[in-house]
Structure formats: structure tokens, C-alpha cells
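[1] the sequence isn't on hand, but the structure is:
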């Protein structure tokens, strides 16, 4: 059985220098930094095996072996799809070099520059984002019902055919934020697609509750190559609904929904049934609703701080 801190460690598993300088230095030394000309990078960490296999074109990529920096040539990248980054990923996809690119989405993820910048520096195909180790952004919502028996939470099971974390439990609604999309608009879209929640219901009842952030090293369950790096920031929402509102799968990503008591959710968490980042979102939900407290959780302070990791790359 997993403790709550075990769940945090499973998701936020890139080492901290302060806690384990030797392991941090070892892992960091195997990565190359992804830079953009004129920016205040790095913008991501690229693992050595990716660097060795990626079909870099030396005419449009600057590869600094001394600094271990990789930078697309100036004026050859934009925040649109027409960029050398996309061309390189398409070439890797055509050559079947990386398993992760078999899940090509035709969906762009933004790479944000300095804090004063309003537009993304560049956008990267979602399936290739972990190859560059960039910050990615998403939305997660917990829908719950207050009943005479206490709070109950709607929990979906991911389709077993999904490429990533097939068959695991998830948050009520969740999804990635595409380039140019606002977090709340993304939540409305995902809620309709995954749970058949109406736009009016979500816009009237969903409440923004901050963010969580972590730096994850992917394993085989994530689909594609293990060891890819995925720093993420998730915008968190709660939505209290009535007993008459029942989510229904709206696409092929969700197999079923369960209305569970808090104790049932806790049990599934301890059994490791939830997707790692979804466990983090639920721990944050429990803290904010006074379910997880310093009185009943010995690792409370560590858990609260680890739910909000400062990421090493510029954030939006």
C-alpha cells in the first residue's frame, strides 16, 4: 500500500539538488539543454538517448557539444506549425525513431519565453513535447456531490486502449492546454468531450483553485520511451454538482465513471490505481477541503510544498 508521500514521490520524481545533490548532478549531466535564440533559456532538458537518435539537420540546428546546448537556427522557428522543430519531429516520425511519436496528435503545445513575453516563443507537437523536456500545461477538475452520507467524488476509468496509462483512474475531467487556449476554455472543452458536461454547467459551477506543479520522469505506463522528462503545471478546478448530474463518456478516452466516497477514493489511491499526476490533484483537493490535515498526515508539510514545485524553465 502506498502512502500519500509515496504518491507524490512517484509523480514529482526528478531529484531535488537540495535533497540528493549526487543523484541530481548525475541525472542532469546526462541531459542537453534546449535553447532558443535570444531567449532566457533553457526551455527544456533533452535526454542523451534522444540527442543521439534525433535526426538533427546541422544546417538548421546549432549543437554546442561543450555547453551541451541544442538550439534551432535563428528565424527557423516560430510559434506556428511551420518550424524546423516540427520538420525534425516529422522526419523522426516517418523514420519510426521514437515510439512516443506514434501517438502524433496534430496538437501544439506552447513553449513560453521570458515572463514579460505574451506569445509563446515556439510551439511543439504534443507527442514530441517530452522529447524536448519542455514545460507542459493542463487542466484537471474534480466534480463532487455532497450527499446525506457525505462527499462523493466522480472518478473515471481511462479506456484500456489508451496509449497512455490505459485502464488507470483519472480525475473527473482533465486534458492538455494547446497553444493559444485559455485554461478555463480548455476545461469547458474537455468537460464536454470526456464527461458530456454542458458548457453552461461548467461555466456556472466550476471554480478555479490554483495550480499544482511537478517534474516527472516518465515510465512505460506513459507510452513511448521510458526516461523522458515531463515538467508540468496543472490548472486545478473544483465543481460541486447535484445528484441529478451524471457524467457520461463523450469520447473513446473514458471507459466508465464511478461515484465514490472519500474513503473509496483514498483506498484506490493507496492501491496505486490512479494516474500519478491525478493522485497529486486529489491530494491537493483533500488538503483544500480539510480532508488531509497536519493532524492526520505525518508528511503534511512535505506534501503541501511538493505539490507546488518551482520548475526550472520559464512559465506562462
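    Received it, and whenever you're ready, just let me know what you need. Predicted model, so just to flag it, every value in this text is computed and none were measured. Numbers count the residues shown, from 1 in each chain.
[2] give me the buried positions along the helix or strand hosting residue 264.
    Element membership for residue 264 (DSSP states H and E) is helix 262-270. By neighbour count with 16 or more other Cβ atoms under 10 Å, helix 262-270 contains the buried residues 262, 265, 266, 268, 269, 270. From N, CA and C alone the C-beta is placed, and that goes for glycine too.
[3] stretch 216-233 now?
    216-218, 222-225, 227-233.
[4] for these, which one is nearest residue 65?
    Comparing these against residue 65 with Cβ to Cβ places residue 229 closest, at 20.3 Å.
[5] now name the helix or strand holding the spatially most central residue of the chain.
    Centroid-nearest residue in the chain: residue 232, 4.6 Å away (criterion: Cα atoms, centre = their mean). Assigning secondary structure by DSSP H and E places residue 232 in strand 229-240.
[6] residue 33 too?
    Counting by DSSP H and E, the element that carries residue 33 is strand 31-34.
[7] which elements pack onto that strand?
    strand 44-47, helix 48-53, strand 69-72 (3 or more Cβ pairs under 8 Å, 6 or more residues apart in numbering; DSSP states H and E).
[8] comparing those, which comes out most buried?
    Counting by mean count of other Cβ atoms under 10 Å, strand 44-47 has the highest mean neighbour count of the helices and strands packed on strand 31-34, with a mean of 24.
[9] so residue 251 is in contact with residue 193, correct?
    Yes - at 5.1 Å, residue 251 and residue 193 qualify as touching, with contact defined as Cβ atoms under 8 Å.
[10] so which of the two has more stuff around it?
    residue 193 (16 against 12; other Cβ atoms under 10 Å).
[11] so how far is residue 183 from that one?
    Distance, residue 193 to residue 183, using Cβ to Cβ, to the nearest Å: 16 Å.
[12] so where's the protein shaky on pLDDT?
    38-39, 75-82, 115-118 (pLDDT under 70).
[13] quick one, domains of it?
    The record's domain parsing of the chain by automatic domain parsing lists 4-11+136-306, 21-132.
[14] dump the buried residues of stretch 216-233 to a markdown table, plus distance to residue 176.
    Below are the buried residues of stretch 216-233 laid out as a markdown table (distance: Cβ to Cβ, whole Å):
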| residue | distance to residue 176 |
| --- | --- |
| 216 | 14 |
| 217 | 18 |
| 218 | 15 |
| 222 | 13 |
| 223 | 14 |
| 224 | 15 |
| 225 | 19 |
| 227 | 21 |
| 228 | 15 |
| 229 | 16 |
| 230 | 11 |
| 231 | 14 |
| 232 | 9 |
| 233 | 11 |
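[15] quick one: which two of the residues you listed are the most distant?
    Top of the distance list for those (Cβ to Cβ): 225 and 233, 22.7 Å.
[16] before we move on, back to that, tell me which strands the strand holding residue 33 pairs with, and in which orientation.
    If you go by DSSP bridges, strand 31-34 pairs up with strand 44-47 (antiparallel), strand 69-72 (parallel).
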